[in-house]
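> Below: sequence and its predicted model.
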Amino acid sequence: MIVTDNLGKQYQDLVALDGLSLQIPAGEIFGLLGPNGAGKTTTIKILTTLARPSWGSARIQGFDVVRQPLEVKKLIGVCPQEINLDRELTAFENLWIYGKLHRTADLSVRIRELLEFGDLQDRADSLVRDFSGGMQRRLLILRALVSRPRVLFLDEPTVGLDPQVRRQLWSLIQELKLGGITIILTTHYIEEAEMLCDRVGVLNRGRLIALDTPRALVAKVGGYVVETLNTGRRQYLLVRDKDEAYARAQTEPAGVIIRQTNLEDVFIQLTGERLTD
Amino acid sequence: MNWFPIFYRELLLFRRRLLRLGYVVSALVSPMLYLLAFGLGLGKRVAISGGTYLDYLLPGLVAMTSMTNSYTWIATSMTVGRLHFRTFQVYIQSPVTATDIVVGQILAGMVRGLFASVILMGLGFFLAGGFHFNLMFILALLLNCLVFAAFGVIVGMKSRSHEDTATFTNFFIMPMAFFCGTFFPVDEMPWLLRDIIKALPLTHTNHLLRHPAWNLASLDSLAVLGGYATLCLVLAIIIVRRYSE
């Protein structure tokens, strides 16, 4: 269980996170959704003891992230946004050093197991600098799993990857969920949050503006969207159901697109901004 | 204590770099240049402290080389690892203490400093015929590596850019390399400068490597180096413990 209470972080004049209160039960995949600068990475940094909060508190399995950082670090695995593997070391060496830092039992067996899970068993002794971007991302996730963490933090795990590799990583994350691990995932890819997350918290300018299951969030703003193209500008109309969407479409002189609402529509509805801005 | 993985990682990286052609040569380029330019140039023609200039210069170059190699490796790898590659953050997010991180880094820096010193001493034996080796000499060399590796940790944690590291080097390391008795005796400097220089750690290492005797002056110098080592170590641990992004 992860609990944050009025968590906040200020950098000089900038409030990066403003009063985040959350409860994430064990075994959940929780998504933090928001554009760049929304406070997602700041939240992860505080929860993984990399940054001290300016106010508020956070606990992981009852351990306070500021007062009991060593206990917290024993429970977590972190896959950061930037690929911070040692490029001059082999895949095996990267995992071995991480495992030793965490005093992982049966380390060599665990590493072989993980390399097989991530389909990198043939590259154990290759230098990481020779890996493709997708392979490096996979190894980064595997490294976070070496210590058998109870809570896994994935900060933008698929950023910059092509769609095929992204899907491979999604199935890897879905397999992890079957093992009962709690996952906190940040993303600004809508389909990623919809595909993977049990619940989503939407952050904007450091504040939590919505919190629910992806389906419930979509239902709140309307299940369908009618897209129209008027005088060169695309407009989006959110409606309750398919019948209402058809009725609306009848009144439009030009062509329309009717589709199901996604989290991006929810975000625009909540903030007036696009996620990719 | 769980400093070993941190130390071992640095050694693995060091070993990989050692295998690159020219790496060892580049690490020893400046002491070699000084050795050739001053040592062989002035060499046996100039007498200083009762011996040849080469005899005088060699222990000084060992002190200087152990300082620069212990310091540069750690300061650079921590600055770049923290700001650019973000590999330092892995330590902060792992269940190791600030002391583990600092001890692991310092020991790695010391290995690097000792490695360069041993190569230079080998050359020294070949060119000049020797040093006054004893336990005091080894203690002084080890303490010198410790002081400057710990200083490297402080610089590596405090630098806000790679240029910052160069600034620290230019203001602290370079003046010590030239003024602390590596190339000429400190006693010949003007009085105010001489007093400042005598308070700096490398002056004491130079003294100990040239006169590694068990007397009061040497024990004084050893105590000063010990003091600097303790100060830098404690400061480094405090800075790492307070690290927050």
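Noted; the coordinates are in hand.
> near chain B, which residues of chain A?
A:45, A:48-52, A:70, A:73-74, A:76, A:78, A:80, A:82, A:84-89, A:93, A:97-98, A:100-103 (Cβ under 8 Å from any Cβ of the partner chain). For every residue, glycine as well, the C-beta is placed using N, CA and C.
> Restrict these to the buried ones and give me that as a PyMOL selection.
The PyMOL command for the buried members of these (criterion: 16 or more other Cβ atoms under 10 Å in any protein chain shown) is given here:
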select buried, chain A and resi 45+48+49+50+51+73+74+76+78+80+84+85+86+89+93+97+98+100+101+102
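> Sort out for me which of the residues of chain A next to chain B are in strands.
The members of the residues of chain A next to chain B that map onto strands under DSSP state E are A:76, A:78.
> Looking at the residues of chain A next to chain B, which are in helices?
Among the residues of chain A next to chain B, the ones falling in helices (DSSP state H) are A:45, A:70, A:73, A:74, A:93, A:97, A:98, A:100, A:101.
> For those, which two are the farthest from each other?
Spatial extent of these (Cβ to Cβ) is set by the pair A:45 and A:93 at 26.2 Å.
> Quick one: low-confidence residue ranges for chain A.
Across chain A, the ranges flagged by pLDDT under 70 are A:231, A:273-277.
> ok, now with 80
Scanning chain A for pLDDT under 80 picks out A:160-162, A:165, A:188-191, A:229-235, A:252-255, A:263-264, A:271-277.
> what residues are up against the residue most central in space within chain B?
Geometric centre of chain B, nearest residue: residue B:67, 1.6 Å, by Cα atoms, centre = their mean. Taking Cβ atoms under 8 Å, 6 or more residues apart in numbering or on different chains, we find residue B:67 in contact with B:113, B:144, B:145, B:148, B:173, B:176, B:177, B:202, B:205.
> returning to that earlier point: tell me the one among the ones in helices among the residues of chain A next to chain B nearest to residue A:236.
residue A:45 (34.0 Å).
> could you list every residue that touches that closest one?
Residues counted as contacts of residue A:45 (Cβ under 8 Å, 6+ apart) are A:51, B:245.
> likewise residue B:99?
With Cβ under 8 Å, 6+ apart, residue B:99 has these contacts: B:1, B:3, B:237.
> excluding its backbone neighbours, what's nearest the first one?
Nearest in space to residue B:1, with sequence neighbours left out and distances taken as Cβ to Cβ, 6 or more residues apart in numbering or on different chains, is residue B:100 at 6.1 Å.
> secondary structure element for the one you found?
For residue B:100, the element it lies in under DSSP states H and E is helix B:98-127.
> Okay, now the unreliable bits of chain B?
B:19-32, B:34-52, B:124, B:126-133, B:188.
> which stretches of the chain form helices?
The chain I'm using is chain A. Remark: helices assigned in chain A by DSSP H are A:40-47, A:69-75, A:91-101, A:107-117, A:133-145, A:163-178, A:190-196, A:214-221, A:242-251, A:263-271.
> wait, I meant chain B there
Going by DSSP H, chain B shows helices at B:4-18, B:23-27, B:29-34, B:41-42, B:53-83, B:88-92, B:98-127, B:135-158, B:162-168, B:174-179, B:191-198, B:201-210, B:216-241.
> Nearest to residue A:151, out of these?
helix B:88-92 (16.6 Å).
> Grab the nearest non-local neighbour of residue A:29.
Using Cβ to Cβ, 6+ apart, the nearest residue to residue A:29 is residue A:183, at 4.5 Å.
> what residues does chain B put near chain A?
Residues of chain B lying near chain A (Cβ under 8 Å from any Cβ): B:2, B:4-6, B:8-9, B:12-13, B:16-17, B:85-87, B:89-97, B:244-245.
> Would you show me how to pick out the buried ones of those in ChimeraX?
Only the buried entries of the residues of chain B next to chain A go into this ChimeraX selection, using 16+ other Cβ under 10 Å:
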select /B:2,4,5,6,8,9,12,13,16,85,86,87,89,90,91,92,93,94,95,96,97
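> List the buried residues of stretch B:144-161.
For stretch B:144-161, the neighbour count (16+ other Cβ under 10 Å) marks B:144-157, B:159 as buried.
> my bad, should have said stretch A:234-242
So, applying 16+ other Cβ under 10 Å, buried residues of stretch A:234-242: A:237, A:238, A:239.
> Who are the contact partners of the second one?
Same thing as residue A:238. Per Cβ under 8 Å, 6+ apart, neighbours of residue A:238: A:221, A:222, A:224, A:225, A:261, A:265, A:269.
> let's see it at 6 Å
Contacts here follow Cβ atoms under 6 Å, 6 or more residues apart in numbering or on different chains; on that basis residue A:238 touches A:221, A:222, A:225.
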